[in-house]
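# missing the sequence, but the structure's below:
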């Protein structure tokens, strides 16, 4: 089973298309902020959240619950593809339904190896993965640059390091982030 969570009108063939809004005619109408989700443990071979996670979990306990359900329903090693707007872009800031920025640092808090390392170092990071029994590896992270930055990179007018520096200083440099997570758990 492949889950396309928060599909909206973007239904994917061969996937279970899920949305809270019935007017999009998803395969399953599910409120992802209500737990437990209706799928068995370790049942999803792949999960997609395309511009969905930033809409979920305004309250910290709800966001942690969403991450816990993602981990629960994913098969061991299953890829979880998460695409989110950059919190320093107008597309994130201008949408009143965006309730939470999702960054690399946010997702790292659900990686138990990172949790153990930062606890050993005495860092202030909250070890959410260890506390809640959730464990995701961050397999990959890609920043998608907005124009004019993307074009400047493609034309080699600036380096990736310069674009990264600009993203830390200015709004509207990075359009979105694309993460691939993998559920770390023992095979059933």
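Received, thanks. A quick note: this is a predicted structure, and the numbers were derived from the prediction, not measured. Numbers count the residues shown, from 1 in each chain.
# wait, what's in contact with residue 103?
87, 177 (Cβ atoms under 8 Å, 6 or more residues apart in numbering). Heads up, the C-betas are built off the backbone N, CA and C, glycines and all.
# which helix runs longest in the chain?
helix 60-73 (DSSP state H).
# what is that one packed up against?
With contacts taken as 3 or more Cβ pairs under 8 Å, 6 or more residues apart in numbering; DSSP states H and E, helix 60-73 sits against helix 128-132, strand 136-145, strand 174-183.
# ignoring the adjacent residues along the chain, who's closest to the most centrally placed residue in the chain?
Closest to where the C-alpha atoms of the chain average out (Cα atoms, centre = their mean) is residue 82, at 3.7 Å. Take residue 82 and drop its neighbours on the chain: the residue closest to it by Cβ to Cβ, 6 or more residues apart in numbering is residue 179, 4.5 Å away.
# who's in contact with residue 18?
3-7, 26-30, 32.
# number of residues surrounding the spatially closest residue to residue 142 that is not a sequence neighbour?
Nearest non-adjacent residue to residue 142, counting by Cβ to Cβ, 6+ apart: residue 178, 4.5 Å away. Using other Cβ atoms under 10 Å, residue 178 is surrounded by 14 other residues.
# could you look up the SS state of the residue of the chain most remote from its centre?
Distance from the C-alpha centroid of the chain peaks at residue 157, with 30.7 Å (Cα atoms, centre = their mean). State at residue 157, reduced to three classes by DSSP: H, G, I helix; E, B strand; the rest coil: coil.
# how close does it sit to residue 144?
For residue 157, the distance to residue 144 equals 18 Å [Cβ to Cβ, to the nearest Å].
# ok, which stretches of the protein are strands?
Taking DSSP state E as the criterion, the chain contains strands spanning 2-5, 16-19, 28-29, 46-50, 79-85, 136-145, 174-183.
# need the winner for burial among those strands.
Of all the strands of the chain, strand 2-5 carries the top mean neighbour count, a mean of 24, counting by mean count of other Cβ atoms under 10 Å.
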